[in-house]
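>>> need a structure here:
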Amino acid sequence: MDLFPTHSPEAKLARRDAVLAAVARASERLSEPQPWQSLVDEALRILGEATGVSRVYIFEVERIEGVECVSQRFEWCAAGVAPQIDNPSLQGVPLDAAGYARWGELLRAGQPVVGDIGDFPESERPLLELQEIKSLLVQPIFEDKRWWGFMGFDACEALQSWERVEVDTLRVAALVLGATMHRQTRDTQLRETQKLEALGRMASSVAHDFNNVLMVVGGAMELLKCDLEASGARQLANGAHCAMVDQALERAGTLTRRLLEFSRRQSGVPQVVSPLDLLRREEPLLRQALGARVRLRIIHGGDGRAVGPVRIEPTEFAQIVLNLAVNARDAMPRGGELVFDVSSLKGGESHASADGIREGDWTLVRAIDCGEGMPPEVLSQVFEPFYTTKPRDRGTGLGLSTVQGIVAAAGGHVRVSSSVGHGTEFRIYLPAVRA
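Residues are numbered from 1 along each chain as shown. Predicted structure coming up:
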């Protein structure tokens, strides 16, 4: 399609200037020190009014049951234009299966989708025509190197052409939004790291103080036993009550050691192990933790490639999968199924690329449940220490922050996707070790 409109030179110049000014204003708005989600609506309005389109919107790429899909998240509409934000046909759309493979290829490559709907392939027209779109421009959004989604401009009143300079200028708006996302994600990760460091220092202090108290109690207990034996009450010194105190002291000592291990990031010696074998070894414990209502499946997914070994301390790996299992169980109070899927892949393949994983050989452990799912406000905080949606007596909120810490120490990454009513998927990427 010819990107250059047939309007007069004056009209083209005026619109070009309006688009340039709008992108500058929108970029300035998106750079404000607030969560980017609260800034998007105003930015879309600015861009929509300047370009004269009917709708401006943002879609996010997400993985649903292992398939790359897109869902509409934000929208601005001109007066009299029907909104599509609540259209169920625009939620969880699998690009390839829905006939939009061409879009995926262009957007992943950083190229726009632009033109009149009548010039598009027949497979792409039905959903667009239902929204009364006549022409559109779609620009990709990248968070760092990861394709996050896209920003679109719909013309529903009449055909609309786009000058090359307008296409390139509106690309800047998508770039600024992606840069804002990346900066805020990086800042959030830094804050989480600082929280973990502060938590480690606190745990170390508590552990040392608690250990001092235990030493006093333990010493007093030994003196009490000696006094009882000296008085002839040997039976009392070796009785059940003294044994209970000894057992409590031993458990308290174990708790202290765990706190110190957490604060010092101490663990056992990492070993080269098979995640699939470890999962099968822990299967009885996982089934017990899940209870009778939740089924457990452990599978070897992927394309048949052998699962690469990883370097991790086996007990810590068991802690990861147990924490994920307990969270899945709590998300399925009426029962369901938890699947652990282990596979090998390379950075840049579909899973890894969507999650922003660098090039290399990786072993992927996916924990997929069919539970209630999490809304965005909960999803954004799941790895924060002490954050929990459970009642006070049901957990501390340290489970998933511990998972993240163990995986990061092993050189890996944790990703999670979830939506209300569609369950949750945790993805553990661990560097594969050459045999």
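
>>> quick one: the helices in the stretch 101-250 of the chain?
With DSSP state H, counting those that start in this stretch, the ranges of helices along the stretch 101-250 of the chain come out as 101-108, 125-130, 164-230, 234-237, 240-264.

>>> In a markdown table, list these along with mean neighbour count and mean pLDDT.
All C-beta atoms are positioned from the backbone trio N, CA, C, and that covers glycine. As requested, the helices of the stretch 101-250 of the chain are exported to a markdown table (neighbours: other Cβ atoms under 10 Å; pLDDT from 0 to 100):
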| stretch | mean neighbour count | mean pLDDT |
| --- | --- | --- |
| helix 101-108 | 18 | 92 |
| helix 125-130 | 14 | 90 |
| helix 164-230 | 15 | 80 |
| helix 234-237 | 13 | 66 |
| helix 240-264 | 14 | 70 |
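
>>> Make CSV from those helices and add distance to Pro140 to it.
Shown next, in CSV, are those (distance: least, Cβ to Cβ, whole Å):
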stretch, distance to Pro140
helix 101-108, 4
helix 125-130, 18
helix 164-230, 6
helix 234-237, 76
helix 240-264, 41
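
>>> For Arg25, which of these is the nearest?
Nearest to Arg25, of all the helices of the stretch 101-250 of the chain, is helix 164-230, at 10.0 Å by Cβ to Cβ.

>>> Contact partners for Arg25?
Ile46 (Cβ atoms under 8 Å, 6 or more residues apart in numbering).

>>> just checking, it is part of a helix?
Yes - using DSSP: H, G, I helix; E, B strand; the rest coil, the assignment for Arg25 is a helix.

>>> how close does it sit to Phe142?
22 Å (Cβ to Cβ, to the nearest Å).

>>> now Arg293
Taking Cβ to Cβ, one finds Arg293 at 42 Å from Phe142.

>>> between those two, which one's more packed in?
Neighbour tally, Arg293 and Phe142, criterion other Cβ atoms under 10 Å: the higher count belongs to Phe142, 21 against 11.

>>> The nearest residue to the more buried one once chain neighbours are set aside: what's it in contact with?
Nearest residue to Phe142 in three dimensions, chain neighbours excluded: Gly178, at 4.6 Å (Cβ to Cβ, 6 or more residues apart in numbering). Going by Cβ under 8 Å, 6+ apart, Gly178 touches Ile141, Phe142, Glu143, Asp144, Trp148.

>>> Buried ones among those?
The neighbour-count test (16 or more other Cβ atoms under 10 Å) marks Ile141, Phe142, Glu143, Trp148 as buried among the contacts of Gly178.

>>> Tell me which residues touch the nearest residue to the last one once chain neighbours are set aside, please.
Meaning Trp148. Counting by Cβ to Cβ, 6+ apart, Trp148 lies nearest to Ile141, which is 4.8 Å off, once chain neighbours are set aside. Contacts for Ile141 were tallied using Cβ under 8 Å, 6+ apart; they are Ile58, Trp147, Trp148, Gly149, Phe150, Met151, Ala174, Leu177, Gly178, Met181.

>>> For Leu400, see how far away the fifth one is.
Taking Cβ to Cβ as the criterion, Phe150 is separated from Leu400 by 30 Å.

>>> got it, and Gln288?
With Cβ to Cβ as the criterion, Gln288 and Leu400 are 21 Å apart.

>>> who has more neighbours, those two?
Leu400 (22 against 10).

>>> Show me what the helix or strand containing Ile46 is in contact with.
Using DSSP states H and E, Ile46 falls within helix 40-51. Residues from elsewhere that reach helix 40-51 (Cβ under 8 Å, 6+ apart): 15, 18-19, 21-23, 25-26, 29-30, 55-58, 74-78, 153, 166, 170, 173, 177.

>>> Repeat the analysis, applying 7 Å as the threshold.
With contact meaning Cβ atoms under 7 Å, 6 or more residues apart in numbering, helix 40-51 is reached by 18-19, 21-22, 25-26, 29-30, 56, 58, 74, 76, 78, 153, 173.

>>> Just the ones of those in strands?
Val56, Ile58, Phe74, Trp76, Phe153 (DSSP state E).

>>> if I look at the fourth one, how far off is Glu166?
Okay, so that is Trp76. Distance, Trp76 to Glu166, using Cβ to Cβ: 18 Å.

>>> ok, now the last one?
Distance check for Phe153 against Glu166: by Cβ to Cβ, it reads 10 Å.

>>> domains for the protein, by residue range?
Per automatic domain parsing, the structural domains of the chain span 9-188, 191-264, 271-431.

>>> Out of those domains, name the one with the poorest average pLDDT.
In terms of mean pLDDT, the lowest-scoring of the domains of the chain is domain 191-264 (a mean of 72).

>>> residues contacting Ser419?
Gly373 are the contacts of Ser419 under Cβ under 7 Å, 6+ apart.

>>> now the residue nearest to Trp148, which residues is it bridged with?
Gly149 (DSSP bridges).

>>> so how far is Val61 from it?
For Ile141 relative to Val61 (Cβ to Cβ), the value is 9 Å.

>>> Need the residues touching each of these two.
When contacts are counted by Cβ under 7 Å, 6+ apart, Ile141 and Val61 have Trp148, Gly149 as shared neighbours.

>>> could you flag which of the contacts of helix 40-51 are buried?
19, 22, 25-26, 29-30, 56, 58, 74, 76, 78, 153, 173.

>>> follow-up on the earlier one: among the ones in strands among the contacts of helix 40-51, which one lies nearest to Gly308?
For these, the nearest to Gly308 is Ile58 (36.6 Å; Cβ to Cβ).

>>> For the closest residue to that closest one other than its chain neighbours, which residues are in contact?
Distances taken as Cβ to Cβ, 6+ apart put Phe74 closest to Ile58, at 4.3 Å, once the chain neighbours are dropped. By Cβ under 7 Å, 6+ apart, Phe74 lies in contact with Val40, Asp41, Leu44, Tyr57, Ile58.
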